[in-house]
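Asker: sequence and computational prediction follow.
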Amino acid sequence: MGQTITEFIANYGELMLEGTRDTLVMTGVSTLLAYVLGVPLGVLLTITGAKSIWPNRPLNTVLGWIVNIGRSIPFIILLVAIIPFTRLIVGTSLGVEGAMVPLVISAAPFVARVVEQSLADVDGGLIEAAQSFGANNWQIVTKVLLFESLPSLVRGAAITFINLFGYSAMAGTVGAGGLGDIAIRYGYQRYEYDVMLVAVILSVILVQIIQSFGDWLAKRIDHHAR
């Protein structure tokens, strides 16, 4: 058993480390960029609602349609459909860089809905209190809505990361790299099931670590705020 493990590490250890690194970079950077796009979109969806601080029905309707359309496109279809756009942005549709563009575009509408739901859970009394003290809309968004919903936003970021982790495995079908690519190339195409099993185990471990860290961080933030 020990000899088998040593032999596996010698043959595939570097490959697994590279795949883990590529997956974390691909997913982490995509999550960050998705939040750069999704947070403003989610805030706009919230504050332009009928009973919010800046009601604007036409804008809210348009943004809602954009988000719904973005969320309704299956990732594997989006991945292939925007290959020309991906090449235009990063110069290639392959590898880690090529996977980030569809990952970000796919995740941004999801992030917008996560942010919208998090902000909607903020106590309306806090908003009314801020307005009574003369706070403007920008101050309400930054110091009330975003601040009070921070624990929920952190949990949402962990969920987004995990979703993109799964999407990155699909991106492996077009040579995006990462653990998903390793599982497909070695486990499915070459019938090296031990490699596929290790890739799956590593994926499960990474997901559990991210989820646990997200929950821990959210609790720390919530405890500190209280």
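Answerer: That came in fine, so what should we check first? Numbering: from 1, shown residues only.
Asker: just the helices in this structure please.
Answerer: For the chain, applying DSSP state H gives helices covering 2-47, 57-72, 75-81, 83-90, 95-120, 124-132, 137-140, 146-148, 150-171, 178-182, 193-225.
Asker: list the contacts of the shortest one.
Answerer: It refers to helix 146-148. 43, 119, 122, 123, 126, 153, 225 (Cβ atoms under 8 Å, 6 or more residues apart in numbering). Yep, even glycine has a C-beta here, placed from its N, CA and C like the rest.
Asker: just name the most buried of the helices of the chain.
Answerer: Highest mean neighbour count of those: helix 178-182, a mean of 26 (counted as mean count of other Cβ atoms under 10 Å).
Asker: off-centre distance for that helix?
Answerer: Chain-centre distance of helix 178-182: 18 Å, with Cα atoms, centre = their mean, to the nearest Å.
Asker: residue nearest the centroid of this structure?
Answerer: residue 160 (3.2 Å; Cα atoms, centre = their mean).
Asker: measure it to residue 65 for me?
Answerer: 21 Å (Cβ to Cβ, to the nearest Å).
Asker: with residue 125 instead?
Answerer: Counting by Cβ to Cβ - residue 125 and residue 65 are separated by 31 Å.
Asker: let me see the contact set for residue 192.
Answerer: Contacts of residue 192 by Cβ under 8 Å, 6+ apart are residue 186.
Asker: please renumber so the chain begins at 9
Answerer: Will do, 9 is the new start, and the previous item becomes residue 200.
Asker: how near is it to residue 207?
Answerer: For residue 200, the distance to residue 207 - Cβ to Cβ - is 10 Å.
Asker: tabulate the CA atom coordinates of stretch 44-51 in PDB.
Answerer: Below are the C-alpha coordinates for stretch 44-51, written out as PDB (Å, rounded to 0.1, in the frame of the first residue of the first chain):
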ATOM      1  CA  VAL A  44     -16.700  43.400  -8.700                       C
ATOM      2  CA  LEU A  45     -19.500  43.200 -11.300                       C
ATOM      3  CA  GLY A  46     -22.200  41.600  -9.200                       C
ATOM      4  CA  VAL A  47     -22.200  43.700  -6.100                       C
ATOM      5  CA  PRO A  48     -23.000  47.000  -7.900                       C
ATOM      6  CA  LEU A  49     -25.600  45.200  -9.900                       C
ATOM      7  CA  GLY A  50     -27.200  43.700  -6.800                       C
ATOM      8  CA  VAL A  51     -27.200  47.000  -5.000                       C
END
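Asker: could you tell me the per-residue confidence at residue 9?
Answerer: Listed pLDDT for residue 9 reads 57.
Asker: CA atoms only: put stretch 226-234 into CSV for me.
Answerer: This file holds the C-alpha atoms of stretch 226-234, laid out as CSV (Å, rounded to 0.1, in the frame of the first residue of the first chain):
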residue,chain,number,x,y,z
ALA,A,226,-19.1,35.1,8.7
LYS,A,227,-19.6,34.2,12.4
ARG,A,228,-16.6,36.3,13.4
ILE,A,229,-17.8,39.3,11.5
ASP,A,230,-21.3,38.9,12.9
HIS,A,231,-19.9,38.5,16.5
HIS,A,232,-17.7,41.6,16.1
ALA,A,233,-20.6,43.7,14.7
ARG,A,234,-22.7,42.8,17.7
